[in-house]
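Participant: What follows is a predicted structure for the sequence shown.
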Amino acid sequence: MNEVNQLPYSCTSFHSRERRSVPLVRRFVRKALVDWACESRADDVLLCVSELVTNALLHGVPPGRGYQVSMQLEPTDDILRVKVHDSGDGKVGPADAAPEPDAEGGRGLLLVAALADKWGVGERNPGKVVWCEFAVRGR
């Protein structure tokens, strides 16, 4: 179920633990960015969302459960915040630890840290929420 509100600018989408949900999330996020005239940072936002959702699927969402993606735009300061909520107990590793050059993974949070203006992890019961923010001035 997807919910979109224009005032305040916010939307939420819930997805099951399936790899095919990643492109669905990207489509959901892109639509909100277009609707809210926030396309200037679309590539950065979409890449970060893809990484956070993939991490949730691989490390945070237990079998049989799902995850939630929410977005909020603060029109007073043009800050876009994206959150990925999961119900697992997986921990989020540091974003400054470079993986081995031939490692298949371990670069997602490095990308998020490099592209987003801010990012972090919050507690949730059960699970956690990983978020990132983007300044979208000049919308």
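Facilitator: That came through, no problem.
Participant: any chance you could map the helices in the chain?
Facilitator: 21-35, 42-55, 108-115 (DSSP state H).
Participant: looking at those, which is closest to Glu133?
Facilitator: helix 42-55 (9.9 Å; CB to CB). Any C-beta I mention is one placed from the backbone N, CA and C, and that applies to glycine too.
Participant: Enumerate the positions of the closest one that are buried.
Facilitator: Residues of helix 42-55 classed as buried under the neighbour-count rule (16 or more other CB atoms under 10 Å) are Asp44, Val45, Leu46, Leu47, Cys48, Val49, Ser50, Glu51, Leu52, Val53, Thr54, Asn55.
Participant: I'd like to know which elements it is packed against.
Facilitator: Helix 42-55 sits against helix 21-35, strand 66-74, strand 79-86, helix 108-115, strand 128-135, with contacts defined as 3 or more CB pairs under 8 Å, 6 or more residues apart in numbering; DSSP states H and E.
Participant: who wins for proximity to His59 among those?
Facilitator: strand 79-86 (8.3 Å).
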